[in-house]
Structures are given as structure tokens and as C-alpha cells.
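In: predicted model, plus sequence, below.
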Amino acid sequence: MFPCFNTTTYSSSEKMRKKRQERVVPKGCLAIKVGHEGEKQERFVVPLIYFNHPLFMQLLKHAEDEYGFHHNGGAITIPCHVQHFRHVQGMIHRDSLSNHHRHPPRCFGF
């Protein structure tokens, strides 16, 4: 007879390991939260160079207007609908692809 393995323990530790890996932010990127207050917010990992893009600067300005300049810690929160952010994210990504002098960072996940 084969020995029994506790698959519940293995699967829960595997889930915890995967969750920790998901929380790791690659070098050159920053984790942000997106969503209006009261909505389910989503976590995004974006390259730092995108913070200089005019569209992203508008989102950051909106966050400053909403929350003020001082931050209590944790991830930066962009107060817009997730769908709107994904649209802006796609536009920024396409802009980066049209620039032949730089390759787009790989941490900008969709």
C-alpha cells in the first residue's frame, strides 16, 4: 500500500507560496491599486517609466485631488474605474511600442 500524503497541507502551502510570488514586484515597477472608493479595487504592477506618461500623470493628478498629496502608506490608489484604467494602460502600452528606441517593460501586466 502507498503511504498517504496530506494533499490539503500541500495545496494550502502551495497556494501561500504562489500568493507570495504574486506580491513580488519586479525591479523597475511599482504596485498600485485602482478603483473608486466602495468598489472592489484591483492591484496592478506598472513600470516606473510609465509614471512619466501624460495619461498616467493625469491619473496621478486625479489621485492627488481625491486623496491629497500625503499618503498613509501602502500602495498608491488611482480613483477611477478599473475598465477605464485598463483602457489608459493599453494606450500607454501602445505608445511605448511605437517608440523604436525602447522596448516596453515586461512587468506591465494585463
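Out: That came through, no problem.
In: can we go C-alpha only for contacts and neighbour counts from here?
Out: Fine.
In: what's downstream of the worst-scoring helix or strand of the chain on mean pLDDT, the next helix or strand?
Out: Lowest by mean pLDDT, DSSP states H and E among the helices and strands of the chain is helix 7-23, with a mean of 55. Remark: after helix 7-23, the chain's next helix or strand is strand 29-34, criterion DSSP states H and E.
In: partners of that following strand, with directions?
Out: strand 42-47 (antiparallel), strand 76-78 (parallel) (DSSP bridges).
In: pull out the buried residues from the last one.
Out: Along strand 76-78, these residues count as buried under the neighbour rule (16 or more other CA atoms under 10 Å): Ile76, Thr77, Ile78.
In: any idea how far the last one is from Asn99?
Out: Read it as Ile78. Going from Ile78 to Asn99 by CA to CA, to the nearest Å gives 26 Å.
In: for the second one, same thing?
Out: Plainly put, Thr77 is 28 Å away from Asn99 if you go by CA to CA.
In: just list the residues touching Glu66, thanks.
Out: Pro79 (CA atoms under 8 Å, 6 or more residues apart in numbering).
In: ok, Asn99 next?
Out: Applying CA under 8 Å, 6+ apart to Asn99 gives no contacts.
In: doesn't Gln83 lie inside a helix?
Out: Yes: assignment of Gln83 by DSSP: H, G, I helix; E, B strand; the rest coil places it within a helix.
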